[in-house]
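*Asks:* Got a predicted structure plus its sequence, pasted below:
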Amino acid sequence: NELAAALRSCDAPELPGRRLWFVPGMADHTGAGDAMRGEETQVLALLERLGRGRHVICLPGTHSKWVEANDGRIVSIATAMTGELFDLLCRHGTLAELAPAGAGHTGTDTGTAEAEAFDRGLHDSAADGGLLHHLFGARAHVLFDSLPAEHLSDYLSGLLIGHEVRSLLPASVKAAGSPVHLIGNDALLDAYTRALAALDIETHRHSEQLAADGLSLLARRCGLA
């Protein structure tokens, strides 16, 4: 209701007789501060389906969002720049120079060499030293021939997602045995499902097309539909 009340409109000269309405997004001013611009429409649609109670929602992507909700109200937002960092590491700098031309992340299908590299990254994310040290460790693995260069991107994917999940997964999830709801495309959801399963966390998957349902819900709440 608060988001619906905060919608803002403007004229659309190229669409005679119509107005454009903008969803305001959300801000979290606790801790380092955070913001969400667009993903809240997906979250709202999912919460409408899930009903009352406490829910943890993860939206993987360029900037992965972790959202906690209680009885239909979003109470916290945390963002990790996992996808953006992965792209930068694979395109620029020392690690990018180690990977052969054309090498890229190929997924997490069980039993493949790519999946094994991804799982190794997940495992190493739990070691002491922190992400910055672990990233240099990826370089060392290739230099010492313990990781094939063509699987470096899969290792990095597991390492980065592992660090994200371990740092942003609410402690209440594991303590209560509650699931994490994932919203996104199949490739990303495969990776995050695998990462959370490694921590014995149950996941429920949902389509990113929830955004349309969320926009429709907001329009109905403010009498536009």
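*Replies:* Sure, I can see it.

*Asks:* Of all the helix elements in this structure, which one is longest?
*Replies:* With residue count as the measure and DSSP state H as the assignment, the chain has helix 152-168 as its longest helix.

*Asks:* name the helices or strands packed onto it?
*Replies:* Packing contacts for helix 152-168, counted by 3 or more C-beta pairs under 8 Å, 6 or more residues apart in numbering; DSSP states H and E, involve strand 64-70, strand 73-80, helix 82-91, helix 94-98, helix 113-124, helix 130-143, helix 186-197. In short, each C-beta sits where N, CA and C put it, glycine included.

*Asks:* Could I get the ones you listed in a markdown table, plus columns for mean pLDDT and mean neighbour count?
*Replies:* Supplementary listing: those in a markdown table, determined by pLDDT from 0 to 100; neighbours: other C-beta atoms under 10 Å:
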| stretch | mean pLDDT | mean neighbour count |
| --- | --- | --- |
| strand 64-70 | 96 | 21 |
| strand 73-80 | 95 | 18 |
| helix 82-91 | 94 | 16 |
| helix 94-98 | 92 | 14 |
| helix 113-124 | 94 | 20 |
| helix 130-143 | 96 | 15 |
| helix 186-197 | 95 | 19 |
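
*Asks:* Those into JSON lines, with extra columns for distance to residue 51?
*Replies:* Listed next are the helices and strands packed on helix 152-168 as JSON lines, based on distance: least, C-beta to C-beta, whole Å:
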{"stretch": "strand 64-70", "distance to residue 51": "11"}
{"stretch": "strand 73-80", "distance to residue 51": "13"}
{"stretch": "helix 82-91", "distance to residue 51": "30"}
{"stretch": "helix 94-98", "distance to residue 51": "44"}
{"stretch": "helix 113-124", "distance to residue 51": "32"}
{"stretch": "helix 130-143", "distance to residue 51": "37"}
{"stretch": "helix 186-197", "distance to residue 51": "22"}
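
*Asks:* Would you tell me which of the ones you listed gets closest to residue 161?
*Replies:* Proximity to residue 161, assessed across the helices and strands packed on helix 152-168 by C-beta to C-beta, is greatest for helix 186-197 (4.9 Å).

*Asks:* Distance from the closest one to the middle of the chain?
*Replies:* In terms of C-alpha atoms, centre = their mean, to the nearest Å, the gap separating the centre of helix 186-197 from the centre of its chain is 10 Å.

*Asks:* what's the answer for stretch 176-184, then?
*Replies:* In terms of C-alpha atoms, centre = their mean, the centre of stretch 176-184 is set 12 Å apart from its chain centre.

*Asks:* Looking at the helices and strands packed on helix 152-168, which is nearest to residue 7?
*Replies:* Set against residue 7 and scored by C-beta to C-beta, the helices and strands packed on helix 152-168 come closest in strand 73-80, at 16.3 Å.
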